[in-house]
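Colleague: here are the coordinates; sequence isn't available:
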């Protein structure tokens, strides 16, 4: 008796693969985990300390639905100091992770049947939020020619009368590639002309290794049509705390407040207090050391995967993912991922979790484990392939 | 450019009233708060300690989407020891508060246009979840004759071909009244015959003062059609932590898992670890002392409100609310609530937040403040009315 809403939503195949990997581990097998989309570092100590202090003091009651005013202000201050961008704290709504931010953003702007455009491959939850809200998906197949990102041309070619929003992500999950900045401006302008919204997922925006860190909030002219999604999960290493944020156009903030009151009341209070320590200099020092480590891992893994015969046409610039063609080895990347797991204990994510566009010849490697473990994984792959 | 989905959702009027109350307080006015639906007690120390311990140990990564296995088991054990009811931990899904539980339950079972029946007056978010998911509301006006609860007769009279679910709550917010147990069984049977679901909100079920505590999970025959919603927020005093649960029919658990993976990933990890201490004997001792205090407050406030001229036709048996007719004083309870706030600094919630059924002649008193403050509120009301 499931709703058709539910039947339209795909499960994450990697979850079943992860469960199988854990089963093998309990049987004593040694598994190299390159499937997990979660940083392997601990939450920085200043954040831990702030969380503990808040709980000890009894700061565990509801906050306003839009979040702790001090945290909204801290994020606004961060945009100012980091990017020299002035954003009113009133436009910042704290959410239970980026998931809550996407739910607020899409719930506020789309009706049943409205179309939302996004790139394939892309983060699977984005598609499923649209299905959940009875919207229509416009999945655009992207390839190396645009660094797996949408372009103005894609928008023009695929635009429909009922297209209400476009979702982009920079860096992208699963490809780790960046949006071209001038293209982002052009898309913002186009979306504004259509009276629609550009939702920019900046969850991994601080994990860009060329120090080319930016935000769509810098595009001043089109802020009424840009919605930025962000989170303390990835760069700030606060996954399980569940706290993120949305930077919303002025005209949508009251709607998001109303929706937040109803659908989640507020983000968890201990996590919000903990996140207040995320922008402290001593925290940033720790986070930058983690980022350096991710950078080293990418520089280790990328050439070795190429040497093994994986085709990586666009060099990933950020996040902690490498999206690689495995067409040299297989035309069934789903079976390929299970073969690697069962035969050599290497866990990776099959392309099918990120869409339908050539998914059967792609896999995603996550470098969320130490260089020693990556080295072990590469050794096993080298012996096997 | 708001979605019509958003325009259909009502704001909580009490939020504006609360904001005004806080404004008056910053001006130095003394406000008696009887509008707040949040217990005024601290989270019990064993829960605080467990939360701190988990964070200190770095237990802050994602849990499975269905929650920490140990917490699912602890809840199952609680049903066994407290109610002598055997529930598999596999049927228990941990959620970010009861809000997450309602989102999972309704998201899993209803499609656009499906109808959901509920009582008016009732908890406002329930109506708004249905609107958010493009479902149809069937609001049934209830009165003192059924203790403000739905009955089998209501279901029969209002049933439509597309009715997919019924939501009931015991005790109810705002009325504090209970569902008749035999009526609950009859409704379960009827709903099963229709191939639909009965969603039972048991958020306040431990806050029943006659010691007549029960759960719909005891109705063995109809478990495939009953979905129980619960939370650590109210009885366990963990509001801002954001952790609740749903007990789902076996056949819906996989769908809820899939949906949880997509829409919120998992409930906050520190809160889940903290909640493991919620069933400890030393915690229960503290919680029962809070409950005793709520009981005393009800026994203090109820007769005094009646003496003042408020009509309370059904004695509230639980939660921390009294739903009272103010028809002796006004036919505009919204204006009445603001008058009391501005003139005597007494904050209460107007009926309009709970529906449309005679909402203009009802208000809700929450006894989430000390007897001394309730006494002060009663004194002010007595002088003013």
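Modeller: Arrived safely. On a predicted model such as this, the values are computed, not experimentally measured, just so you know. Numbers count the residues shown, from 1 in each chain, chains lettered A, B, ... in the order given.
Colleague: do a quick rundown of the helices in the stretch 1-150 of chain A.
Modeller: Counting by DSSP state H, counting those that start in this stretch, one finds helices in the stretch 1-150 of chain A at the ranges A:4-7, A:13-26, A:45-56, A:69-83, A:97-109, A:124-132.
Colleague: can you put those helices in a markdown table and add mean pLDDT?
Modeller: Formatted as a markdown table, those follow (pLDDT from 0 to 100):
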| stretch | mean pLDDT |
| --- | --- |
| helix A:4-7 | 84 |
| helix A:13-26 | 89 |
| helix A:45-56 | 98 |
| helix A:69-83 | 97 |
| helix A:97-109 | 97 |
| helix A:124-132 | 93 |
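Colleague: ok, which of those helices comes nearest residue B:357?
Modeller: The closest of the helices of the stretch 1-150 of chain A to residue B:357 is helix A:97-109. By C-beta to C-beta, the value is 27.2 Å. Bear in mind the C-beta positions are built from the backbone N, C-alpha and C, glycine included.
Colleague: can you lay out the helices of the stretch 1-150 of chain A as CSV showing distance to chain B?
Modeller: Converted to CSV, these look like this (distance: least, C-beta to the nearest C-beta, whole Å):
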stretch, distance to chain B
helix A:4-7, 5
helix A:13-26, 7
helix A:45-56, 5
helix A:69-83, 12
helix A:97-109, 5
helix A:124-132, 4
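Colleague: can you list the residues of the stretch 201-350 of chain A near chain B?
Modeller: A:238-242, A:251-252, A:255, A:258-259, A:261-271 (C-beta under 8 Å from any C-beta of the partner chain).
Colleague: mind checking which of the residues you listed are in helices?
Modeller: Among these, DSSP state H puts A:255, A:258, A:259, A:261, A:262, A:263, A:269, A:270, A:271 in helices.
Colleague: hang on, the earlier thing: deepest-packed of the helices of the stretch 1-150 of chain A, please.
Modeller: helix A:97-109 (a mean of 27; mean count of other C-beta atoms under 10 Å in any protein chain shown).
Colleague: so that helix versus helix A:124-132, what angle?
Modeller: Following axes from the mean of the first three to the mean of the last three C-alpha atoms, to 10 degrees, one obtains 30 degrees for the angle between helix A:97-109 and helix A:124-132.
Colleague: list the buried residues for the biggest helix by length in chain A?
Modeller: Using DSSP H, we find that the single longest helix of chain A is helix A:281-308. For helix A:281-308, a neighbour-count test (16 or more other C-beta atoms under 10 Å in any protein chain shown) marks A:283-284, A:286-287, A:290-291, A:293-295, A:297-298, A:301-302, A:304-305, A:308 as buried.
Colleague: and residue A:372, backbone torsions?
Modeller: Taking degrees, to the nearest 10, you get phi -60, psi -40 for the backbone angles of residue A:372.
Colleague: ok, back up a step: off-centre distance for the helix or strand following the longest helix of chain A?
Modeller: Per DSSP states H and E, helix A:281-308 leads on to strand A:321-325 as the next helix or strand towards the C-terminus. Strand A:321-325 has its average C-alpha position 15 Å from the chain's average C-alpha position, going by C-alpha atoms, centre = their mean, to the nearest Å.
Colleague: list the contacts of the helix or strand following strand A:321-325.
Modeller: Next along the chain after strand A:321-325, taking DSSP H and E as the criterion, comes helix A:333-344. Here helix A:333-344 makes contact (C-beta atoms under 8 Å, 6 or more residues apart in numbering or on different chains) with A:13, A:17, A:20-21, A:24, A:31, A:326, A:329-330, A:346-352, A:359-363, A:380-381, A:383-384.
Colleague: now do stretch A:284-301
Modeller: If you take C-beta under 8 Å, 6+ apart as the criterion, stretch A:284-301 is touched by A:39, A:41, A:44-46, A:176, A:206-207, A:209, A:235-237, A:316, A:320, A:322, A:365, A:367, A:370-371, A:374-375, A:378.
Colleague: mind listing what residue A:214 touches?
Modeller: Counted by C-beta under 8 Å, 6+ apart, residue A:214 has contacts A:83, A:181, A:205.
Colleague: against chain B, how distant is it?
Modeller: For residue A:214, the distance to chain B (C-beta to the nearest C-beta, to the nearest Å) stands at 26 Å.
Colleague: returning to what we had before: what is the nearest of the contacts of residue A:214 to residue A:104?
Modeller: Nearest member of these to residue A:104, counting by C-beta to C-beta, is residue A:205, at 18.9 Å.
Colleague: quick one: the closest one is in a helix?
Modeller: No: read with DSSP: H, G, I helix; E, B strand; the rest coil, residue A:205 is coil and lies in no helix.
Colleague: hmm, it is touching residue A:169, no?
Modeller: No: look at residue A:205 against residue A:169 with C-beta atoms under 8 Å: they stay out of range, at 9.2 Å.
Colleague: what's near enough to touch residue A:10?
Modeller: Shown in contact with residue A:10 (C-beta under 8 Å, 6+ apart): A:124, A:127, A:128.
Colleague: once you drop chain neighbours, what's closest to residue A:9?
Modeller: residue A:128 (4.7 Å; C-beta to C-beta, 6 or more residues apart in numbering or on different chains).
Colleague: state the distance from the residue of the stretch 251-385 of chain A found nearest chain B to residue A:277.
Modeller: Residue nearest to chain B within the stretch 251-385 of chain A (C-beta to the nearest C-beta): residue A:269, separated by 3.1 Å. Computed as C-beta to C-beta, to the nearest Å, the residue A:269 to residue A:277 distance reads 15 Å.
Colleague: same check on residue A:17?
Modeller: Note on residue A:17: its distance to residue A:277, by C-beta to C-beta, is 35 Å.
Colleague: tell me the centre residue of chain A?
Modeller: Central residue check for chain A by C-alpha atoms, centre = their mean: the C-alpha nearest the mean position is that of residue A:203, 5.0 Å away.
Colleague: give the contact list for it.
Modeller: Taking C-beta under 8 Å, 6+ apart as the contact definition, residue A:203 lies against A:98, A:169, A:173, A:229, A:230, A:231, A:233, A:234, A:244.
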